[in-house]
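1. Coordinates for the following, if possible.
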Amino acid sequence: QQLAQELRAALDAGAGPLVLGHGSGSYGHVYAKRYGVHTGIAPGGDWMGYALTSAAALRLNRIVVDALLAAGVPALALQPSASLVAQAGALERWDTGGLRTALGHGLLPVIHGDVAFDQQQGSAIIATEQLLVALAADPELRPARVILVGESGVYTADPRANPAAERIPVIDSANIEAVLALTGGSHGVDVTGGMRGKVALMWQLIESNPTLSVQLIGSAPGLLQRALIGQAQGQGTLIRR
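-> The predicted structure is shown next:
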């Protein structure tokens, strides 16, 4: 509710148009790992895990969209798996026509990490970050900025386990390899690569769009609103070319 209210305030202040993406968290990743959806289900295999993973992702998406609607944000849920095709675990094609139309009508599309049919391995999990990379490759939908809310930044070690961990304020071409060597996985079940996977995909996104910047911030009250209107310089970690 807090983040939804901040997003509404940012829209009122002139931020936008916006696309919101969220992961599946403990909802989808647990099923994906249990049934091996991310590594592939054979055509004649048990596809119940695929259905359960999809349903779990949709439950979380409904919670997010309902919170946004309650805050007065014209949020529209768009299920990625209905228009995704994967190849060897990676996003191959994504029909973004509905997303483009939604933006044209002043709606705020809400996408999420989701299952996908995979032409090589049967099934795959496509992380939200992969969807952002695809948007960056589309001249009509290419974002100017990406803001990742959750962790308060990228650190030299896990700050929960190591009090000496230091926040890395900027990641660029000079230190990206060193940062990737430092970063590890997620604190929970995450079949999409944890923090290292996020940083690697965000760097891929920036390489395809050198003018783009990515900012990782925490969920402290007011921080998302400030970031959306460009008033959160020095907060979290900035990834840029």
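2. contacts and neighbour counts: CA atoms only from here.
-> Noted.
3. ok, residues contacting stretch 202-213?
-> By Cα atoms under 8 Å, 6 or more residues apart in numbering, the surrounding residues in contact with stretch 202-213 are 129, 132-133, 136-137, 143-146, 214, 238-241.
4. what element comes up after the host helix or strand of Gln130 heading to the C-terminus?
-> Per DSSP states H and E: Gln130 is located in helix 128-136. As assigned by DSSP H and E, the chain's next helix or strand after helix 128-136 is strand 145-149.
5. For the nearest residue to Asp95 once chain neighbours are set aside, give me its contacts.
-> Nearest non-adjacent residue to Asp95, counting by Cα to Cα, 6 or more residues apart in numbering: Ser83, 5.3 Å away. Counting by Cα under 8 Å, 6+ apart, Ser83 makes contact with 94-96.
6. Nearest to Met195 among those residues?
-> Set against Met195, the nearest of the contacts of Ser83 by Cα to Cα is Trp94 (24.1 Å).
7. ok, how many other residues are close to the residue nearest to Gly222 when sequence neighbours are not counted?
-> Excluding the flanking residues, the one nearest Gly222 by Cα to Cα, 6+ apart is Glu6, at 6.6 Å. By the measure other Cα atoms under 10 Å, the count of residues near Glu6 is 20.
8. A helix includes Glu6, no?
-> Yes. Counting by DSSP: H, G, I helix; E, B strand; the rest coil, Glu6 falls inside a helix.
9. ok, now which ones touch Gln130?
-> Listed by Cα under 8 Å, 6+ apart, the contact set of Gln130 reads 90-91, 201.
10. Swap in 7 Å and give it another go.
-> Going by Cα atoms under 7 Å, 6 or more residues apart in numbering, Gln130 touches 91, 201.
11. In the helix or strand bottoming out on mean pLDDT in the chain, which of the residues would be classed as buried?
-> Every helix and strand of the chain was ranked by mean pLDDT, DSSP states H and E. The lowest is helix 25-35, at a mean of 84. Using 16 or more other Cα atoms under 10 Å as the test for burial, helix 25-35 gives 25, 27-33, 35.
12. Closest to Pro163 out of the contacts of Ser83?
-> Distance to Pro163, by Cα to Cα, is smallest for Trp94 among those, at 41.8 Å.
13. give me the number of residues near Gly234?
-> Neighbourhood size, Gly234 [other Cα under 10 Å]: 11.
14. Check Leu69 too.
-> 15.
15. re the thing from before, would you turn the contacts of stretch 202-213 into a markdown table with distance to Ala56?
-> Listed next are the contacts of stretch 202-213 as a markdown table, based on distance: Cα to Cα, whole Å:
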| residue | distance to Ala56 |
| --- | --- |
| Glu129 | 19 |
| Leu132 | 21 |
| Val133 | 23 |
| Ala136 | 27 |
| Ala137 | 28 |
| Pro143 | 28 |
| Ala144 | 31 |
| Arg145 | 29 |
| Val146 | 25 |
| Val214 | 28 |
| Leu238 | 31 |
| Ile239 | 31 |
| Arg240 | 33 |
| Arg241 | 36 |
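16. Identify the farthest-apart pair in those residues.
-> Across the contacts of stretch 202-213, no pair lies farther apart than Ala137 and Leu238, at 20.5 Å, counting by Cα to Cα.
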